[in-house]
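[1] Next come a sequence and a model predicted from it.
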Amino acid sequence: MKRRSKSGDETSKSSPPKAAAARGRNAPKAGRNRGASIAGQETVVARVTQERDEALLRETANAEILRLISKSPGDLELVFRTILENATRICNANFGTLFRFDGKNFHPVAQFNTPKALLEGQARRGPFQPSPGTAIEHVMRTKQVSHSADKATDPVPGFFAEIGGARSQVAVPMLKDDSLIGVIVIYRQEVRPFTDKQIELVKNFAAQAVIAIENARLLNELRESLDQQTATSEVLRVISSSPGDLEPVFEAMLQNSVRICEAGFGQMFLCQGDNVRHVATIGVPTTLVEFDKRRGTFQPSPGGGLDQAMRTKQVVHIADLTSEHASYPPARLGGARSYIAVPMLREGELVGAIAIYRQEVRPFTDRQIALVTNFAAQAVIAIENTRLLNELRERTAQLEARSQEIAKLNAQLEQRVADQVGEIERMSRLRRFLPPQVADLIVASGGERQLESHRREITALFCDLRGFTGFSESSDPEDVMTLLRQYHAAIGAIIIKYSGTLERYAGDGVMVVFNDPVPVDNPALQAVRMALDMRAALGALIEKWRRLGHELGFGIGIAHGYATLGTIGFEGRFDYAAIGTVSNVASRLCDEAKPGQILISSRVLMAVEEAIAVESVGDFALKGISRPLAAYNVVGVK
């Protein structure tokens, strides 16, 4: 006689001793199973929480760096330090260094948490050329990432391993137009290799460092140009306000030349026959001033810089006066080293010269020489009083136009940073439902017209699992979620490989379209080849599930025809949809497919029959389709 237990199960009225003993033995096993299930749930929750926290940390770091680039585009030290700190901290490294590369030597420009002994060693070493076999030398030579699991076992452990105790290390190049401009290196003081995700994160930070350098370069050029234009404007103002008094004009020209060119002192001369006399001086050392007062008007020393400029009527640029003209008074009495002399010419005739000096060996740039040349020309204009006012009006108008242009360039620079932030957000939105290559194409095109509603001939593929409904009804939700993750991971990588567009997925059902938004030469063949890869990949996975007691299968339906495509949804959540009979036919063929079958329509067969072997499975009366449809099972590649 049977009775029902409190749980609703039927049990015998009296259980034999052996059955009772068996139940006793099975009780701990059931408890262990429940414990394992709970532990599995906790592991999944912990992993999801960790991934969420890591993603949030990465996004916060990216936003902080982009904010700094936008707010302080010229402060590279702060940007470098922030980039390095985030790269080191997020990747769980102990310390890190960011180097700039000048084409020959590496310069440490940012440090984070670097051991004191290593900092002192770097200070002693200064700029350096990396030794062969080291990580930085590998990056310089290959422009590729260098990842060492344990520096202690490397043939050349390197400076940072020997002094800083570095073990696991990754060095990531900073590239601009395929040219190396720096490298980010982070270190762990224990043997714990970096993951691919961490290396990708550092590569992203390296790209942001390059953006910061480029933005700073553009900003410095703009500031330098503005500084030069402001100096020119000031000189013209002095010319305008003192048309009959050349002394303040010459002083303004010389003062701006010395300041903008970062020189130590300067002199301006006017010609008197074969001799010259001083008409303005800025910052000249006292001993040289007293010497010039005593000698008065003088003839330049033969072979000297001033003599060369007057004879050749060309700019003379000497990198180091002490190596060529040590007895020249500015070198002997004023400590001058690097030097330029710029002639002042009126219709090819020498009027005078401007000379500026540095008290260290640091040659002047072409832009600085051009600036002084411009001032020399303005000095000639100042001397030509009859043309002064006309020249002033023209130059003032040019300056106003140039100032507006500079303001416009500054606005463009700010907009560029804002656009970069918007592009990152846009990429994040697009990647929710498009393959990476499709999202990249849309961002590169500068618009999203490909996502607007349009009509196109496509191939649609629909696939799902056989027996999934029964499995989900009889299994724990955690087991269902684990199986779906394995299933989606297996087919997701294959969809990206074949450039398919994931139209939607719901549970075990997945729909992929080909030939939109990215055109494909033979979308039907592309879809069939992807289906074969899916069947091969899922065959092993289904066998694994079968050993776990899950009786599941996999079927695919493929159809070809016209559909209306575009985004649907609402602000904050859009999906990419394909609407039309072709989608319905693919779904219905998938429903008819037996486990392991890939059913294709006649139109698909016409496009692939030369490359794919098939077998006829007869006609099907599909729901929603008025006439029976011939279907074919894909056997394999011919």
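    Right, received. Where do you want to start? Numbering: from 1, shown residues only.

[2] Kindly provide the whole-number mean pLDDT of the helix or strand containing residue 123.
    Residue 123 belongs to helix 116-125 when assigned by DSSP states H and E. For helix 116-125, mean pLDDT rounds to 88.

[3] So what touches that helix?
    With contact meaning Cβ atoms under 8 Å, 6 or more residues apart in numbering, helix 116-125 is reached by 95, 97, 108, 111, 114, 159-160, 163-164. (Each C-beta comes from the backbone N, C-alpha and C, glycine too.)

[4] Return it as CSV; C-alpha atoms alone will do.
    The C-alpha trace of helix 116-125 is given here as CSV (Å, rounded to 0.1, in the frame of the first residue of the first chain):
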residue,chain,number,x,y,z
LYS,A,116,64.0,54.3,-4.0
ALA,A,117,67.1,52.3,-5.1
LEU,A,118,65.7,52.1,-8.6
LEU,A,119,64.9,55.8,-8.8
GLU,A,120,68.5,56.6,-7.6
GLY,A,121,69.9,54.2,-10.3
GLN,A,122,67.8,55.9,-13.0
ALA,A,123,69.0,59.3,-11.9
ARG,A,124,72.6,58.2,-12.2
ARG,A,125,72.1,56.5,-15.5
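
[5] Name the next helix or strand downstream of it, please.
    Counting by DSSP H and E, what follows helix 116-125 is helix 135-142.

[6] just the CA coordinates of that following helix, formatted as CSV?
    Extracted C-alpha coordinates of helix 135-142, given in CSV (Å, rounded to 0.1, in the frame of the first residue of the first chain):
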residue,chain,number,x,y,z
ALA,A,135,62.4,44.3,-22.9
ILE,A,136,62.8,47.9,-23.9
GLU,A,137,65.3,47.0,-26.7
HIS,A,138,62.7,44.4,-27.9
VAL,A,139,60.0,47.1,-28.1
MET,A,140,62.3,49.5,-29.8
ARG,A,141,63.3,46.9,-32.4
THR,A,142,59.9,45.3,-33.1
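
[7] what about the stretch 301-450 of the chain, any weak spots by pLDDT?
    In the predicted model of the stretch 301-450 of the chain, residues 385-393, 421, 423-441, 443, 445-450 satisfy pLDDT under 70.

[8] Which parts of it are strands?
    With DSSP state E, counting those that start in this stretch, the ranges of strands along the stretch 301-450 of the chain come out as 316-318, 339-346, 349-357.

[9] any chance of these in a markdown table, plus distance to residue 196?
    Converted to a markdown table, those look like this (distance: least, Cβ to Cβ, whole Å):
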| stretch | distance to residue 196 |
| --- | --- |
| strand 316-318 | 52 |
| strand 339-346 | 53 |
| strand 349-357 | 55 |
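
[10] Nearest to residue 182, out of the ones you listed?
    strand 316-318 (30.2 Å; Cβ to Cβ).

[11] tell me what that closest one is packed against?
    Helices and strands touching strand 316-318, by 3 or more Cβ pairs under 8 Å, 6 or more residues apart in numbering; DSSP states H and E, are helix 305-312, strand 339-346.

[12] repeat that for 10 Å
    In terms of contacts (3 or more Cβ pairs under 10 Å, 6 or more residues apart in numbering; DSSP states H and E), strand 316-318 is packed against helix 305-312, strand 339-346, strand 349-357, helix 366-383.

[13] Mind putting these into a markdown table with distance to residue 627?
    Shown next, in a markdown table, are the helices and strands packed on strand 316-318 (distance: least, Cβ to Cβ, whole Å):
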| stretch | distance to residue 627 |
| --- | --- |
| helix 305-312 | 94 |
| strand 339-346 | 89 |
| strand 349-357 | 91 |
| helix 366-383 | 78 |
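
[14] Please dump the ones you listed into JSON lines; it should also carry mean neighbour count and distance to residue 217 for every row.
    Output for the helices and strands packed on strand 316-318, formatted as JSON lines (neighbours: other Cβ atoms under 10 Å; distance: least, Cβ to Cβ, whole Å):
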{"stretch": "helix 305-312", "mean neighbour count": "19", "distance to residue 217": "32"}
{"stretch": "strand 339-346", "mean neighbour count": "23", "distance to residue 217": "24"}
{"stretch": "strand 349-357", "mean neighbour count": "22", "distance to residue 217": "25"}
{"stretch": "helix 366-383", "mean neighbour count": "19", "distance to residue 217": "13"}
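
[15] Of these, which is nearest residue 246?
    Of all the helices and strands packed on strand 316-318, helix 366-383 comes closest under Cβ to Cβ, at 5.9 Å.

[16] Can you say which of the helices and strands packed on strand 316-318 is nearest to residue 534?
    Within the helices and strands packed on strand 316-318, the stretch nearest residue 534 is helix 366-383; the backing value is 60.6 Å (Cβ to Cβ).

[17] Let me know which of the strands of the stretch 301-450 of the chain is the nearest to residue 488.
    strand 316-318 (67.0 Å).

[18] So what's the gap between the closest one and the chain middle?
    Mean C-alpha position of strand 316-318 versus that of the full chain (Cα atoms, centre = their mean, to the nearest Å) differs by 42 Å.

[19] Could you tell me which strands it is paired with, and in which direction each runs?
    Using DSSP bridges, the strands paired with strand 316-318 in its sheet are strand 339-346 (antiparallel).

[20] Quick one: closest of the helices and strands packed on strand 316-318 to residue 477.
    helix 366-383 (68.4 Å).

[21] which helices and strands sit right next to the closest one?
    So helix 366-383, by 3+ Cβ pairs under 10 Å, 6+ apart, packs with helix 196-241, helix 246-260, strand 265-272, strand 316-318, strand 339-346, strand 349-357, helix 388-430.

[22] mind showing which ranges of the protein have poor pLDDT?
    By pLDDT under 70, the weakly predicted segments of the chain are 1-75, 219-245, 385-393, 421, 423-441, 443, 445-450, 571-574.

[23] Tell me which residue is most central in it.
    The chain has residue 207 as the residue nearest its centroid, 3.3 Å off, counting by Cα atoms, centre = their mean.

[24] ok, now how distant is residue 345 from residue 381?
    12 Å (Cβ to Cβ, to the nearest Å).

[25] Could I get the full set of strands for the stretch 51-200 of the chain?
    Under DSSP E, counting those that start in this stretch, the stretch 51-200 of the chain gives strands at 95-101, 106-112, 146-148, 168-176, 179-188.

[26] Make TSV from those and add mean neighbour count and distance to residue 591 to it.
    Formatted as TSV, the strands of the stretch 51-200 of the chain follow (neighbours: other Cβ under 10 Å; distance: least, Cβ to Cβ, whole Å):
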stretch	mean neighbour count	distance to residue 591
strand 95-101	23	56
strand 106-112	19	58
strand 146-148	20	48
strand 168-176	23	49
strand 179-188	23	53
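
[27] closest to residue 140 out of these?
    Of all the strands of the stretch 51-200 of the chain, strand 179-188 comes closest under Cβ to Cβ, at 6.1 Å.

[28] May I have the closest one as PDB, with CA atoms only?
    What follows is strand 179-188, C-alpha atoms only, in PDB (Å, rounded to 0.1, in the frame of the first residue of the first chain):
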ATOM      1  CA  SER A 179      56.900  55.500 -35.100                       C
ATOM      2  CA  LEU A 180      58.000  54.700 -31.500                       C
ATOM      3  CA  ILE A 181      57.700  57.700 -29.300                       C
ATOM      4  CA  GLY A 182      57.700  56.000 -25.900                       C
ATOM      5  CA  VAL A 183      57.000  52.900 -23.900                       C
ATOM      6  CA  ILE A 184      55.000  52.100 -20.700                       C
ATOM      7  CA  VAL A 185      56.600  49.400 -18.500                       C
ATOM      8  CA  ILE A 186      54.900  47.900 -15.400                       C
ATOM      9  CA  TYR A 187      56.400  45.400 -13.100                       C
ATOM     10  CA  ARG A 188      55.400  42.900 -10.500                       C
END
